[in-house]
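Peer 1: Quick one, fold the following:
(2 chains)
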2 protein chains.
Amino acid sequence: MSDSVKLGVAIVGCGTVGGAAATILTRDADIVAQRSGCDIELKYVVDLDFSVARQTGLAEDLLCDNYDKVLADDSVDVVVELVGGLGFAREVIERACRAGKHVVTANKALLAHHGTELYALARSCGVCIAFEASCAGCVPIIRALNEGLIVNRIDAMFGIVNGTCNFILSEMSTKGRDYAAVLQEAQADGLAEADPSLDVSGEDSAHKLAILGAMAFGQKIEFDDIPTAGIDKLDLCDVAFGQDLGYVLKLLAIAERQADGLSLRVRPAFISKAHPLAWVAGSFNAVSVYGHVTGHTMYYGRGAGGMPTASAVVADLVSVAVGSAQRTFSQLGVWPDRAEQACQSPLEAVRSRYYLRILCEDRPGVFAQIAAILGEREISISSLLQHEPAEGQAGIVPVVVTTHQAREGDVRDALAKIDKLDTVKSQSVCLEIVEEYEE
Amino acid sequence: MSDSVKLGVAIVGCGTVGGAAATILTRDADIVAQRSGCDIELKYVVDLDFSVARQTGLAEDLLCDNYDKVLADDSVDVVVELVGGLGFAREVIERACRAGKHVVTANKALLAHHGTELYALARSCGVCIAFEASCAGCVPIIRALNEGLIVNRIDAMFGIVNGTCNFILSEMSTKGRDYAAVLQEAQADGLAEADPSLDVSGEDSAHKLAILGAMAFGQKIEFDDIPTAGIDKLDLCDVAFGQDLGYVLKLLAIAERQADGLSLRVRPAFISKAHPLAWVAGSFNAVSVYGHVTGHTMYYGRGAGGMPTASAVVADLVSVAVGSAQRTFSQLGVWPDRAEQACQSPLEAVRSRYYLRILCEDRPGVFAQIAAILGEREISISSLLQHEPAEGQAGIVPVVVTTHQAREGDVRDALAKIDKLDTVKSQSVCLEIVEEYEE
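Peer 2: I've put the predicted structure just below:
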């Protein structure tokens, strides 16, 4: 074996993931040493609150509340930023780079907003940033994009990258339970935060999409230009009506090349039961990637939780110890700080299939009116189905229309016009239907 | 960007995969250069028959029938061995190593039998061997094991690693078609070889299991000690009876830690419809890996075909150009040439659930006899179902028994005794039922 490489590590932020990473580096030190062939030593755990660190049973001499001391210590080669958020976390990373220390982070919000600047800073300081843990927990999706798929032009990517939302939607789909009830249970079980808005609004998925999209397409992505919808306004009846049509509703992070640029978007969307993503159940994550040479590949695993996420953190530490993270960071051409700004096309320009639910009076001529409005915009109908009225709504029926491929702007226009009909009784619902990507 | 790294490449063996790899390196040279940041130049395509090379439109000055010339050329940094088989391919690799050239190969048979010696030879010559393309085509499973999951003790692995078999079984399951008919069609469509025995016997899957098992467990695997059964003797009725019980029949490459060692085996086995592997359809491959930190992760994609396999070959070339392949090869502790011989436990020691089909006379007392024999060996019955007699077999009924977890040796013993009963009319069928691995 080669001489054992030594790597000194400081973990900044000892919450769930930080505690778990420290556990792997201490409790499982023999597994890490044996498999990696590297000598990775945890030198500091930096925080102001050491309650998790002490629960984890970390040695007291690891605990440190002074980041300056860490930065001044030459035996620290890597800083693991697990503080989260955009403020102090950014300072931790920037100061680490300037002190000549590599960075490993799981901070998706920070990288989604400021990844490009941080990669550039690291490069100018001669260090690297590794962030496998920022997207889809333990699923090695960054490595898949940067290594396994590196000779592919990536044409599309569809990800289930938020375990909380996938758990809630799985329960709604398989048990017919209501959003609010499932959310409450998920909160009680620790599967959803007390304030779940970052997850259920789709914002967390959009963070991951910004990071993954930048790496997949090798372009700069503007986070604020990612149209994002969550699962918090879904009606259970749409989950059920879609199922009848052979679809499963998932919160999808979508990135695809379209004629006029890249479309990146996060939204609840239907996917055929024949697509592997449809089977991703509970709090698991998965990302489907379509490369021009490989066609469809998919990566599946736990997207959250201390230990799975920490597995990705410590894997990045091994890559730094081995030296492959530095090589990949300095050599590959896909990093957004080396790339052009993507042309992100607006939602109106998306071409896809759509599911429309229109609540209208059950009387002759209504279908004809709806069909006529869709037809004016050359939106071709794939199926049209009238469901039974909901309880206490005699005479008012949900009509479900699925379209063939159409331009989303046209569909939205048509729906606005449909909603103005006297016979239509509330705002219609429009959900995208993602089809098996054509290879 | 760093200075562009130059890498000179010779492809030896220009068949389907060789031609596709050459195509990626020439037709898609701009994509490879842009994304990898490396200057990978195809210098030679070595073969005696250039029919594929010429169909591919490769420049004549690349074609070479003299491997000595390649070895003597200092501008060749890597030899890509795509000859296949155990004879000349081994010579190609050994001579490349001795000439100080790195090796990229897709040769699963050779690595399964002689990987350990070849890795050791490469190491002694200061070069590396990369072989992502040897297992599961374009699926980056070697990278997942060596990088993403590197800090995990791998507890179990279940792979669908032969596209031909999975296609045949998928057709049998979903369309109720007979093995022979599906095989014939697959041969006509080029999905199965004219001589399909390497695939349908399970041997090809065993090759991949030997390679993956060695990397996953970090131990030397003895290929000849992998019990291997194929799909060529399956009866369609078992596919159907299993489906009624909620199972899908797949040809699985299984590797798991058991109390007394590692069990590696290839066999058709039932898997619950609730497991993601059950949904892997057609000629796709997928590998489920259970790590002690990550729990279940899965990797899915095309396991065969020129382009997908070539994607993995050229990805390995990028890793060599970047320098990460060399680092990983020299540093990690998981390589079998650095490891101890695995203790591979025999099939009798496997503990699993089983599906038994017993063809017996439809008369009182038969169930009791069967149950008594199973009970003597403490094999607990999970379900027992009598099916309708097959056409022309009045009075003779298939009885399907599923067991709780039991020792395979005990189950085989019991079945041998059952088969000796006067009331039992032919050799019984025994198939493993793989359960969701307990994490």
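Peer 1: which residues of the stretch 251-400 of chain A fall in helices?
Peer 2: With helices called from DSSP state H, counting those that start in this stretch, the stretch 251-400 of chain A shows them at A:306-322, A:324-331, A:366-376.
Peer 1: mind checking how far the second one is from the chain centre?
Peer 2: Helix A:324-331 has its average C-alpha position 24 Å from the chain's average C-alpha position, going by C-alpha atoms, centre = their mean, to the nearest Å.
Peer 1: again, but for the longest one
Peer 2: On the basis of C-alpha atoms, centre = their mean, the separation between the geometric centre of helix A:306-322 and that of its chain is 19 Å.
Peer 1: For that helix, list every residue counted as buried.
Peer 2: Within helix A:306-322, the residues scored as buried using 16 or more other C-beta atoms under 10 Å in any protein chain shown are A:306-322. For glycine as for every other residue, the C-beta is placed from the backbone atoms N, C-alpha and C.
Peer 1: These: which ones sit near chain B?
Peer 2: Among the buried residues of helix A:306-322, the residues that sit close to chain B (C-beta under 8 Å from any C-beta of the partner chain) are A:307, A:308, A:310, A:311, A:312, A:314, A:315, A:318, A:319, A:321, A:322.
Peer 1: Closest to residue B:80 out of the residues you listed?
Peer 2: residue A:322 (23.4 Å; C-beta to C-beta).
Peer 1: Tell me which residues touch the closest one, please.
Peer 2: A:5, A:36, A:37, A:38, B:324, B:327, B:328, B:331, B:332 (C-beta atoms under 8 Å, 6 or more residues apart in numbering or on different chains).
Peer 1: and the residues you listed as TSV, adding distance to residue A:417, pLDDT and neighbour count?
Peer 2: Putting the contacts of residue A:322 into TSV (distance: C-beta to C-beta, whole Å; pLDDT from 0 to 100; neighbours: other C-beta atoms under 10 Å in any protein chain shown) gives the following:
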residue	distance to residue A:417	pLDDT	neighbour count
A:5	66	90	18
A:36	62	97	26
A:37	66	96	24
A:38	64	97	24
B:324	56	97	26
B:327	61	97	22
B:328	59	97	25
B:331	64	97	21
B:332	62	97	23
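Peer 1: Including distance to residue A:20, could those go into TSV?
Peer 2: Output for the contacts of residue A:322, formatted as TSV (distance: C-beta to C-beta, whole Å):
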residue	distance to residue A:20
A:5	23
A:36	17
A:37	23
A:38	19
B:324	26
B:327	26
B:328	25
B:331	24
B:332	22
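Peer 1: does any bit of stretch A:208-224 sit next to chain B?
Peer 2: Yes. Stretch A:208-224 lies within reach of chain B by C-beta under 8 Å from any C-beta, at residue A:218.
Peer 1: Would you mind measuring the gap between the ends of that stretch?
Peer 2: End-to-end span of stretch A:208-224 (C-alpha to C-alpha, to the nearest Å): 13 Å.
Peer 1: Can you tell me which residues in the stretch 251-400 of chain A are near chain B?
Peer 2: Applying C-beta under 8 Å from any C-beta, one finds that the stretch 251-400 of chain A approaches chain B through A:274, A:276, A:279-281, A:284, A:286, A:291-302, A:307-308, A:310-312, A:314-315, A:318-319, A:321-324, A:327-328, A:330-334, A:338.
Peer 1: Start and end of stretch A:51-59, how far apart?
Peer 2: Chord length of stretch A:51-59, first to last residue, is 13 Å (C-alpha to C-alpha).
Peer 1: ok, now which ones touch the residue of the stretch 151-300 of chain A found nearest chain B?
Peer 2: Of all residues in the stretch 151-300 of chain A, the one sitting closest to chain B is residue A:297 (3.5 Å; C-beta to the nearest C-beta). By C-beta under 8 Å, 6+ apart, the contact list for residue A:297 reads A:144, A:148-149, A:288-289, A:291, B:138-140, B:299-302.
Peer 1: now do residue A:247
Peer 2: A:270, A:271, A:272, A:273, A:278, A:355, A:433.
Peer 1: ok, now residue A:375?
Peer 2: Residue A:375 is in contact with no residue at all, counting by C-beta under 8 Å, 6+ apart.
Peer 1: For residue A:148, see how far away the residue of the stretch 151-300 of chain A closest to chain B is.
Peer 2: 8 Å (C-beta to C-beta, to the nearest Å).
Peer 1: Same question for residue A:6.
Peer 2: Distance of residue A:6 to residue A:148, given as C-beta to C-beta: 29 Å.
Peer 1: between these two, which one's more packed in?
Peer 2: A count of neighbours by other C-beta atoms under 10 Å in any protein chain shown puts residue A:148 above the other of residue A:6 and residue A:148, at 33 against 12.
Peer 1: Give me the pLDDT value at that one.
Peer 2: Looking at residue A:148, its pLDDT reads 97.
Peer 1: just residue A:393 next, same as before
Peer 2: 84.
Peer 1: And it, how far from chain B?
Peer 2: 36 Å (C-beta to the nearest C-beta, to the nearest Å).
Peer 1: Tell me how many other residues crowd that residue.
Peer 2: Residue A:393 has 13 nearby residues by other C-beta under 10 Å.
Peer 1: ok, how many other residues are close to the residue lying closest to residue A:357 once chain neighbours are set aside?
Peer 2: Leaving out its chain neighbours, the residue that sits closest to residue A:357 by C-beta to C-beta, 6 or more residues apart in numbering or on different chains is residue A:429, at 4.2 Å. Using other C-beta under 10 Å, residue A:429 is surrounded by 19 other residues.
Peer 1: what's the answer for residue A:425, then?
Peer 2: Using other C-beta under 10 Å, residue A:425 has 17 neighbouring residues.
Peer 1: That one contacts residue A:359, correct?
Peer 2: Yes. At 4.8 Å, residue A:425 counts as touching residue A:359 under the criterion of C-beta atoms under 8 Å.
Peer 1: okay, and the common contacts of the two?
Peer 2: residue A:396.
Peer 1: Give the helix, strand or coil label for residue A:9.
Peer 2: strand (DSSP: H, G, I helix; E, B strand; the rest coil).
Peer 1: What residues of stretch A:345-363 count as buried?
Peer 2: A:345, A:350, A:352, A:353, A:354, A:355, A:356, A:357, A:358, A:359, A:360.
Peer 1: Could I get the average pLDDT for that stretch?
Peer 2: 95.
Peer 1: Show the end-to-end separation of it, please.
Peer 2: Across stretch A:345-363, first to last residue, C-alpha to C-alpha, it's 40 Å.
Peer 1: List the buried residues for the one helix or strand residue A:33 maps to?
Peer 2: Per DSSP states H and E: residue A:33 is located in helix A:29-36. By 16+ other C-beta under 10 Å, the buried positions in helix A:29-36 come out as A:31, A:32, A:35, A:36.
Peer 1: ditto for stretch A:119-129
Peer 2: Quick answer for stretch A:119-129 (16+ other C-beta under 10 Å): A:119, A:121, A:122, A:123, A:125, A:127, A:128, A:129.
Peer 1: near chain B, anything from stretch A:15-31?
Peer 2: Yes. Remark: stretch A:15-31 sits within contact range of chain B at A:24, A:28, A:31, by C-beta under 8 Å from any C-beta.
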